[in-house]
Structure formats: C-alpha cells, structure tokens
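[1] quick one: sequence and predicted model below, then my questions.
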Amino acid sequence: MSVIDDMVCFGMYSASHAFGQAYRRVLAPWKLTYPQYLVLVALWDAEPRTVSELGEQLFLDSGTLSPLLRRLEARDLVARTRRPEDDRVVEITLTAAGREMRAEMRDVGVEIARCTGLTGDGARAVLDAVHALNAAIRANNEAAAS
C-alpha cells in the first residue's frame, strides 16, 4: 500500500468517484445526472421545496442548482414557480412526468446497493460512519470560519 492509500480523504474521494461511475451507468437509461437524480429523490420525499431548501439539503450552491433545475424543467420533470407573497422565493414541484418517473426508477437504489456489495447492517454501519464524519468535518469547518 502507498501513502495515499492510507489517507481517509483519498479513500472517500475514491469511493465517491466509484459511486459516480456506478450512478452514471445506472441512470443512463433516463439520461439523468447524479445531482439531477438527487433533486428528484428530494422532491419525491417532500414537495414543494424552495431552491434554497434543495440547495441546503443537497449541499449545492445556486450556481450549480439553478442550471440543473432549468434542465429538469426543460424535460418537463419539475416546475419552478415564484411564491405570490414573495416573488424572490422560487418553489420547485414535480410535474406528472416527474412523479411517474419514481415508479420507473424504483430499482435504482437496489442496483447501486448491489454494486457496493453492502447489505443490511454493513450498509447501515458505513452510512452511520459517513454521516458522523461529514458532521464532524462541517462542524470543524464552521468553527474555523468563525
């Protein structure tokens, strides 16, 4: 093993890259990118969502999220509307086609899980460790920034 293989950050980066490749393959039939898929998953969970809420949940800035939402809207998967009481706030909702896509894509998670080789307790342990690591890094970054 090399020095780089002992770096946690490289392990996370490498795993993220591998996930990206797996999602690219699995999402290809729908011509979706991974961030577009995440937006759909977030909206399948709860809608409407404001652009700000989606950005916070998915850790995407408006410079990344706005063009992504425009592409989803052009494909008639989401609709963007301004709140009547405050036109600065843009709400995102699914269209009928966006809602129907959920059933079509029900096996995406199963296929990704198959790619990882993780099942049940193993998947939960990795997810818990990643959430804890993410929270610790974000807390340290916020503390350092203040």
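    Cool, the structure landed.
[2] other SSEs contacting the longest strand seen in the chain?
    Using DSSP state E to define each element, the chain has its longest strand at strand 86-94. Other elements packing on strand 86-94 under the criterion 3 or more C-beta pairs under 8 Å, 6 or more residues apart in numbering; DSSP states H and E are helix 34-45, strand 49-50, helix 51-58, strand 78-83. In this view, the C-beta of every residue, glycine as well, is placed from N, C-alpha and C.
[3] looking at the ones you listed, which is nearest to Leu72?
    Leu72 sits nearest to strand 78-83 of all those, at 4.5 Å, using C-beta to C-beta.
[4] residues in contact with the closest one?
    39-40, 43, 51, 69, 72-73, 88-95, 98 (C-beta atoms under 8 Å, 6 or more residues apart in numbering).
[5] derive a PyMOL selection command for the buried subset of those.
    Buried residues within the contacts of strand 78-83, by 16 or more other C-beta atoms under 10 Å, are selected in PyMOL with:
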select buried, resi 39+40+43+51+69+72+90+91+92+94+98
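[6] of the contacts of strand 78-83, closest to Ser62?
    Val51 (6.7 Å).
[7] tell me the one among the contacts of strand 78-83 nearest to His131.
    For the contacts of strand 78-83, the nearest to His131 is Val39 (20.4 Å; C-beta to C-beta).
[8] how about the contacts made by the residue most central in space within the chain?
    The chain has Leu38 as the residue nearest its centroid, 3.3 Å off, counting by C-alpha atoms, centre = their mean. Counting by C-beta under 8 Å, 6+ apart, Leu38 touches Leu58.
[9] ok, it to Val110 distance?
    Between Leu38 and Val110 the computed distance is 17 Å (C-beta to C-beta, to the nearest Å).
[10] same check, this time on Trp44
    16 Å.
[11] Val3 too?
    Remark: distance between Val3 and Val110 (C-beta to C-beta) = 37 Å.
[12] circling back: could you dump the helices and strands packed on strand 86-94 to CSV with mean pLDDT and distance to Val130?
    As requested, these are exported to CSV (pLDDT from 0 to 100; distance: least, C-beta to C-beta, whole Å):
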stretch, mean pLDDT, distance to Val130
helix 34-45, 97, 15
strand 49-50, 94, 23
helix 51-58, 95, 15
strand 78-83, 94, 28
